[in-house]
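Engineer: quick check, what structure comes out for this input:
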Amino acid sequence: MSAHDHHAGGGHPKHRGPQGLSTVSLRVPRNRFAYCRAGVAATAVAAVLMANQASAETLEGALARAYRGNPTLNASRATTRYTDENVAIAQSGYRPTVALSADIGTSYTQGRFSSINLNQTTTPGGAGVTINQTIFNGFQTDNNVRRAESTVFSQRETLRFTELTVLYNAVQAYMNVLSNTATLELNRNNVEVLEEQLRQTRDRFNVGEVTRTDVAQAEARLAGARSQVSAAESALRTSIGIYRQNIGVEPRSLAPGRPLDRYVPGSLDAAIAIGLQEHPQISSAIHALDAAEAQVKVYEGQLYPQASVQGTVSQRYDSSFPGDNGVSASLVGRVTIPIYEGGQVYAQVRQQKELVGQYRIQVDQIRDQIRAQIVDFWGRLEAAKAQVIAAQAQVQANEVALNGVREEARVGQRTTLDVLNAQQELLNSRVNLIVAQRDRVIYSYGVVQAMGQLTARFTALPVEAYSAKIHYDQVKDLWFGLRTPDGR
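Structural biologist: So this is what the prediction gives:
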């Protein structure tokens, strides 16, 4: 594998694209020795790229930006923090509930009692405190806590999968901007070459060396090249918009992207084994299964006896007589044994068991999906490696062929159409090389992503890793408080 196989658009000098974008492209000189000189220029690409990398945005830096600011990823983090509170909600079943009540009113009495006329107004009132504590509820609280914890763990894995997806989308956006910029430069250079070709053909037509047909062929090819420039500009604008969506800033002076080969295992079997062990979608499905099993036990707990204690203390005031008041207190234990509840709970238990069965099937289904994704990306990566080598050889061969066709055309052994076709073949092979080099980088990240390891922590991105456990530890045992840990 060539050294510049590791760069997007490697093997071409670096030029400034639209909106200040920097990528790898090949400037085609206008004279007939252009393609020979371009081959010489290609050997200096490594030094040029290294000289510009210090001030350019790197792929790792762009991924760090996406990790910090991507709205999809930040929304998933907020969902994870929301899910953390389910544990505190479930733990409330262990704790007492306390209620304070108070009342005051006016009472008017008029009548006769034992030859005494009564006509008085009183203002009775009182206050009391009631405390309820569940003693036993069929282990519903225990299982609710387990279900909530499993849901939290499942959401954490969902967050990790969102991180994989966001970072992989950012890689694609970065590399597409690079490759589309390089493709646009190639097409613009092709227009310059064809304009020179048309000028030379017209000169030769004026002295009778070629026919009007040769001029028309050169004009037609130039018009087609200008159309390709417009299409390339449109593709670049689209990729810039997607870059802004995924990474959060406009692309400026992008450095070449490098494959993530150091994290790609040596064999497909090793990649599959890692993916089946570590992929967050599998882990999330397993935790969701645990939560569904805990919910079965919650429903079953409703059929168990329920025991609770209620304590009440109250103070009553009655202004009928001075100092008329009283204090009362009670402590009541209550046991409830369900006999028959109409069949609803039984149906809920059966229904939830069917859901558990569905989740078990989904775990196996997701494992098969992950295996297929790893095989897919592995095959694409191997194909991209082979395509880079083939495209480099094709570019070199087409450069030689074009030079030969040009020389033969000068002595009348080739037509103008032969020269135009050779130029188009060279352009196509250079575009194919850019695409192959882009795919080489993207699919190396794709393999790591399919294994479930394309995370900021695992790939050591230059960014502080987000820890979902910090918020969970802050809220799981809270007894009261309306503010979130970040002060809202």
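Engineer: in the stretch 351-488 of the chain, which ranges drop under the pLDDT threshold?
Structural biologist: Along the stretch 351-488 of the chain, no part satisfies pLDDT under 70.
Engineer: so what's the backbone phi/psi at Ala329?
Structural biologist: Phi and psi for Ala329, reported as degrees, to the nearest 10, are phi -140, psi 150.
Engineer: which residue sits closest to it, ignoring its sequence neighbours?
Structural biologist: Nearest residue to Ala329, sequence neighbours excluded (C-beta to C-beta, 6 or more residues apart in numbering): Val313, at 4.6 Å. Just so you know, the C-beta spots here come from the backbone N, C-alpha and C atoms, and that holds for glycine as well.
Engineer: quick one, what contacts the one you found?
Structural biologist: By C-beta atoms under 8 Å, 6 or more residues apart in numbering, the contact set of Val313 is 128-129, 327-329.
Engineer: if you set the cut-off to 7 Å instead, what comes out?
Structural biologist: Each residue near Val313 by C-beta atoms under 7 Å, 6 or more residues apart in numbering is listed here: 128-129, 329.
Engineer: for it, give the beta-bridge partners.
Structural biologist: Applying DSSP bridges to Val313 yields these beta-bridge partners: Val129, Ala329.
Engineer: quick one: pLDDT of it?
Structural biologist: pLDDT for Val313: 92.
Engineer: quick check: the gap between it and Thr97.
Structural biologist: Applying C-beta to C-beta, to the nearest Å, the value for Val313 to Thr97 is 15 Å.
Engineer: where do the helices sit along the stretch 1-150 of the chain?
Structural biologist: 34-42, 45-53, 59-69, 71-91, 140-206 (DSSP state H, counting those that start in this stretch).
Engineer: can I get those helices in a markdown table with mean neighbour count, distance to Arg350 and mean pLDDT?
Structural biologist: Putting the helices of the stretch 1-150 of the chain into a markdown table (neighbours: other C-beta atoms under 10 Å; distance: least, C-beta to C-beta, whole Å; pLDDT from 0 to 100) gives the following:
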| stretch | mean neighbour count | distance to Arg350 | mean pLDDT |
| --- | --- | --- | --- |
| helix 34-42 | 17 | 70 | 35 |
| helix 45-53 | 14 | 63 | 38 |
| helix 59-69 | 20 | 45 | 92 |
| helix 71-91 | 17 | 23 | 93 |
| helix 140-206 | 21 | 17 | 92 |
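Engineer: nearest to His287, out of these?
Structural biologist: Closest to His287 of those is helix 140-206 (C-beta to C-beta; 3.7 Å).
Engineer: other SSEs contacting the closest one?
Structural biologist: Applying 3 or more C-beta pairs under 7 Å, 6 or more residues apart in numbering; DSSP states H and E, one finds that helix 140-206 makes contact with strand 22-24, helix 59-69, helix 71-91, helix 212-247, helix 280-301, helix 416-450, helix 468-475.
Engineer: what's the most buried one of these?
Structural biologist: Most buried of the helices and strands packed on helix 140-206, by mean neighbour count (mean count of other C-beta atoms under 10 Å): strand 22-24, with a mean of 27.
Engineer: pLDDT wise, what is the closest residue to Asn180 other than its chain neighbours at?
Structural biologist: Among residues not flanking Asn180 along the chain, Leu236 sits closest, at 4.2 Å (C-beta to C-beta, 6+ apart). We note a pLDDT of 93 for Leu236 in this prediction.
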